[in-house]
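Peer 1: Give me a 3D structure for the following:
(one chain, ligands or ions: 2)
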Amino acid sequence: MNLILLGAPGAGKGTVSKSLVEKKQMVQISTGDILRNEIKNGSSLGIQAKKYIDAGDLVPDELILGIVESRLNEDDCKNGFILDGFPRTVSQAEGLKKMLIKNSFKIRAAADISVPEEILIQRLSSRRTCSNVSCQAIYNVISKPPKTDNKCDLCGSELIQRSDETEDAIRHRLEIYTEKTAPLISFYSQTGEYVKINGNQDIDSVVNEVLNVIK
Ligand code: AP5
Ligand code: MG
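Peer 2: Numbers count the residues shown, from 1 in each chain. Ligands and ions are numbered 1, 2, ... in the order given. As a prediction, the model looks like this:
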């Protein structure tokens, strides 16, 4: 069972993915998490990606396609994967289509978590993320606070705001979403894989809607 999770910044892709990993033993492939890991490790990919991420711009398609292609070749993907934050442009979606054919993978749906823009801004400015890059658990000071102030419930590391959570970067990410990523709605409607999910409800209800799509 393989799934694409579409949705604007702050829609809840990461939160839903982590819940599906627990419930369905699927693998989460978050291009954002992979890039933040590379930045923390100071790799050449991380150095190239950092300036785009901090400004709220998309990292070039060829870098992203290379990351996903090598991740899909890992053994654990055979148990089912969730693509979180990829594809994000029509050219990435076309690249993905070729990779899926090459690896004989099928996608059950492109589930689009839809949330009004004012809620997205609120969620992004109140999000906290675990600073441990191999954890990157997601919290929210309003809707999902940690048990101990500013500490991750899972690994005890400090919680931080991401470098792309400044007001300017958030606004820019939302503009880029409308310009470059929203056209995927029409792309996946044409393939018959598009499913719209109401992301403006409590997280368990969002997860249940997605589970209904993949059951
Ligand atoms: P990425 O890390 O993918 O960020 P994003 O898509 O902008 O999305 P977010 O991670 O900000 O939001 P989310 O939908 O995961 O929401 P979350 O679950 O955290 O990408 C970052 C950057 O990397 C990009 O800008 C780009 O530079 C680069 N990049 C990554 N992939 C790329 C690609 N394919 N191509 C090019 N560049 C790429 O939830 C948000 C908050 O809301 C949390 O606090 C959560 O607790 C809360 N919340 C979630 N659901 C609910 C709910 N139902 N009710 C109440 N609160 C909720
Ligand atoms: Mg995310």
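Peer 1: Now for the residue of the chain found nearest ligand 1, how many residues are close by?
Peer 2: For the chain, the residue positioned closest to ligand 1 under Cβ to the nearest ligand atom is G32, at a distance of 2.0 Å. No exception for glycine: its C-beta is placed from N, CA and C like everyone else's. Using other Cβ atoms under 10 Å, G32 has 20 neighbouring residues.
Peer 1: What sits closest to it if chain neighbours are left out?
Peer 2: Of all residues not flanking G32 in the chain, G85 sits nearest, at 4.9 Å (Cβ to Cβ, 6 or more residues apart in numbering).
Peer 1: what's L6 in contact with, if anything?
Peer 2: The neighbourhood of L6, defined by Cβ atoms under 8 Å, 6 or more residues apart in numbering, consists of K13, A110, A111, D112, I113, T181, L184, I185, Y188.
Peer 1: if I pick the residue nearest to G32, what's in contact with it?
Peer 2: Under the criterion of Cβ under 8 Å, 6+ apart, the neighbours of G85 are L5, K13, G14, S30, T31, G32.
Peer 1: Pull out the buried positions in the host helix or strand of E62.
Peer 2: Element membership of E62 [criterion: DSSP states H and E] is helix 61-72. For helix 61-72, burial by neighbour count (16 or more other Cβ atoms under 10 Å) applies to D61, L63, I64, L65, I67, V68, R71, L72.
Peer 1: Now the nearest residue to A11 once chain neighbours are set aside: phi and psi?
Peer 2: The spatial neighbour of A11 that comes closest, neighbours along the chain excluded (Cβ to Cβ, 6+ apart), is I113 at 4.2 Å. As for I113, its main-chain torsions (degrees, to the nearest 10) stand at phi -80, psi 110.
Peer 1: Tell me the pLDDT of I113.
Peer 2: At I113 the predicted local confidence, pLDDT, stands at 98.
Peer 1: how many neighbours does S43 have?
Peer 2: Under the neighbour criterion other Cβ under 10 Å, S43 is assigned a count of 12.
Peer 1: that older thread, which ones among the contacts of G85 lie within helices?
Peer 2: With helices defined by DSSP state H, the entries of these inside them are K13, G14, T31, G32.
Peer 1: quick one on the thing from earlier: just put the buried residues of helix 61-72 in CSV and tack on distance to ligand 1 and pLDDT.
Peer 2: Rendered in CSV, the data for the buried residues of helix 61-72 read as follows (distance: Cβ to the nearest ligand atom, whole Å; pLDDT from 0 to 100):
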residue, distance to ligand 1, pLDDT
D61, 7, 97
L63, 8, 96
I64, 4, 98
L65, 9, 97
I67, 8, 96
V68, 8, 97
R71, 12, 96
L72, 14, 96
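Peer 1: what about I34, helix or strand, and which?
Peer 2: With DSSP H and E as the criterion, I34 is inside helix 31-41.
Peer 1: No further questions, thank you.
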